[in-house]
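*Asks:* Below is the sequence, then the predicted model.
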Amino acid sequence: MASPAEALKRVDLFSELSQRQLRKLASKFKERRFKAGGTVVQQGRMSGVGFFVVTDGEATVSVRGRTVGELGPGDHFGELALIAERERTATVKAKTALTCLEIPIWDFREFVNNDPSAAWKLLQNVTRTLLDQQR
């Protein structure tokens, strides 16, 4: 299994961070395990304000009860929760035993507040993603 910093490097949102920044951010993530069938986050609820990176297992993503995707190792979800602090826009359930790395919003906010260079890189990445989606 990859180290937390290696797992984060594969996440587009964090791909521009330096190794030092990745290690510092990775230290704020905690491992979470879910049993098959367990709900990780629930659409329409403030079911935690964390960002997740799947490290092992599979999960399904559904919106209004309809499956819209599947997640596996290297995939991530909850980036909107890191910034918007709003209800979840989808439900994520463990399809198999699932292991994720999770960071709560307050730890992410502390990281960004303490490293303006990292904040700028994250902002550039989000802007690039939004512009790419408009094409």
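*Replies:* Structure's in. What do you need?
*Asks:* Residue 36: what secondary structure?
*Replies:* Counting by DSSP: H, G, I helix; E, B strand; the rest coil, the backbone at residue 36 sits in coil.
*Asks:* same question, residue 23
*Replies:* Using three-state DSSP, the secondary structure recorded for residue 23 is helix.
*Asks:* ok, it - contacts?
*Replies:* residue 5 (Cβ atoms under 8 Å, 6 or more residues apart in numbering). To be clear about C-beta, it is placed using only N, CA and C from the backbone, and glycine gets the same treatment.
*Asks:* repeat for residue 29
*Replies:* For residue 29, the contacting residues are 4, 8, 53, 101, 102, 103, taking Cβ under 8 Å, 6+ apart as the criterion.
*Asks:* Go again with 7 Å.
*Replies:* 4, 101, 102, 103 (Cβ atoms under 7 Å, 6 or more residues apart in numbering).
*Asks:* Which of those fall within helices?
*Replies:* Among the contacts of residue 29, DSSP state H puts residue 4 in helices.
*Asks:* can you redo the contacts of residue 29 as a markdown table with neighbour count and pLDDT?
*Replies:* As requested, the contacts of residue 29 are exported to a markdown table (neighbours: other Cβ atoms under 10 Å; pLDDT from 0 to 100):
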| residue | neighbour count | pLDDT |
| --- | --- | --- |
| 4 | 21 | 84 |
| 101 | 21 | 94 |
| 102 | 17 | 94 |
| 103 | 24 | 92 |
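*Asks:* At which residues are the helices of this protein located?
*Replies:* Ranges of helices within the chain are 4-9, 19-26, 79-84, 105-114, 116-134, based on DSSP H.
*Asks:* Sort out which residues of the helix or strand bottoming out on mean pLDDT in the chain are buried, please.
*Replies:* Counting by mean pLDDT, DSSP states H and E, the chain has its least confident helix or strand at helix 79-84, which shows a mean of 73. Residues of helix 79-84 classed as buried: 79, 81, 82 (neighbour count, 16 or more other Cβ atoms under 10 Å).
*Asks:* Nothing else from me, thank you.
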